[in-house]
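Participant: after the sequence you'll find the predicted model.
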Amino acid sequence: MEPIILDSVIDEIRISSQLGCDYNRCFHCGCCSNGCPFFAAMDDPPNAIIRMIQLGLIETALLSNTIWICVACNTCSMQCPMAVDIPAIMDRLRHLALKRGLGAAEPDVLQFHQTVLDSISRYGRTHKLDIMMRFKLTTRRWLQDWQVGLKMLAKRKLDLLPSKVQHIDEVRAFFPSVNEERTDE
Ligand code: SF4
Ligand code: SF4
């Protein structure tokens, strides 16, 4: 595992703050955590992650499952009185966790992200049935959520066959960088 060089991690967080995610504006009013629909599944409330970064406890933040449970719904950032872009910070932290060799505290979430990206690189859009099947293939939890799958089929929410966008090469042009990042992990 590549050692964690704290200064360089802080530098990377600083870069994201320059992009409009200034975590130092947070004064811990708790609005983000109170409104987060996934709060109950998180190790730490979203504002606790911000606090960790403010205190330089980057590795603690990177190891928290919170950064992987966040689905970037933006509920928190809409409520934040200081306009802190929490989903962007979570995204940056996920990237850092992989880059530093810490892996994902929620491996299934990472697997799901990769399966969705694979579908987009293959078809230029998501093909839900393909994503579900490939995800099941890796987790081997075949029967989990099968009722949801049946309901989606019944309501015609699942296309049996994938459809590809016209200029798939243009979409695939985005993916070398994704693949490079994966080899960095
Ligand atoms: S809502 Fe904004 S200011 Fe309040 S705790 Fe969350 S990030 Fe900090
Ligand atoms: S963006 Fe993430 S942290 Fe913010 S409310 Fe949604 S799930 Fe919670």
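Facilitator: Noted; the coordinates are in hand. Ligands and ions are numbered 1, 2, ... in the order given.

Participant: could you count how many residues lie near the closest residue to H127 other than its chain neighbours?
Facilitator: The shortest distance from H127 to any residue that is not its chain neighbour, by C-beta to C-beta, 6 or more residues apart in numbering, is 3.8 Å, and that residue is P162. Any C-beta I mention is one placed from the backbone N, CA and C, and that applies to glycine too. A count of nearby residues for P162, using other C-beta atoms under 10 Å, gives 15.

Participant: roughly how far apart are P162 and M132?
Facilitator: Distance of P162 to M132, given as C-beta to C-beta, to the nearest Å: 12 Å.

Participant: C80 now?
Facilitator: C80 sits 34 Å away from M132 when distances are taken as C-beta to C-beta.

Participant: chain center to stretch 64-73: distance?
Facilitator: Here the centre of mass of C-alpha atoms in stretch 64-73, compared against the chain's by C-alpha atoms, centre = their mean, to the nearest Å, lies 6 Å away.

Participant: show residues contacting that stretch.
Facilitator: Taking C-beta atoms under 8 Å, 6 or more residues apart in numbering as the criterion, the residues outside stretch 64-73 that touch it are 36-38, 41-46, 48-49, 52, 61, 86-87, 90-91, 93-94, 97, 104-106, 109-110.

Participant: buried residues, it. List them.
Facilitator: Of the residues in stretch 64-73, those scored as buried under the neighbour-count criterion (16 or more other C-beta atoms under 10 Å) are 64, 66-70.

Participant: okay, how far is it across it, tip to tip?
Facilitator: Taking C-alpha to C-alpha, to the nearest Å, the first and last residues of stretch 64-73 lie 19 Å apart.

Participant: quick revisit: the contacts of stretch 64-73 also near ligand 1: which ones?
Facilitator: I86 (C-beta under 6 Å from any ligand atom).

Participant: just the contacts of stretch 64-73: which are in helices?
Facilitator: Among the contacts of stretch 64-73, the members falling in helices (DSSP state H) are 46, 48-49, 52, 61, 86-87, 90-91, 93-94, 97, 109-110.

Participant: quick one, what contacts L93?
Facilitator: For L93, the contacting residues are 49, 61-62, 67, taking C-beta under 8 Å, 6+ apart as the criterion.

Participant: and the furthest pair within the ones in helices among the contacts of stretch 64-73?
Facilitator: The largest separation in the ones in helices among the contacts of stretch 64-73, counting by C-beta to C-beta, is between A48 and L110 at 21.4 Å.

Participant: any figure for the gap between the residue sitting furthest away from the middle of the chain and V148?
Facilitator: Outermost residue of the chain with respect to the C-alpha centroid, by C-alpha atoms, centre = their mean, is A154; its distance is 29.4 Å. Going from A154 to V148 by C-beta to C-beta gives 11 Å.
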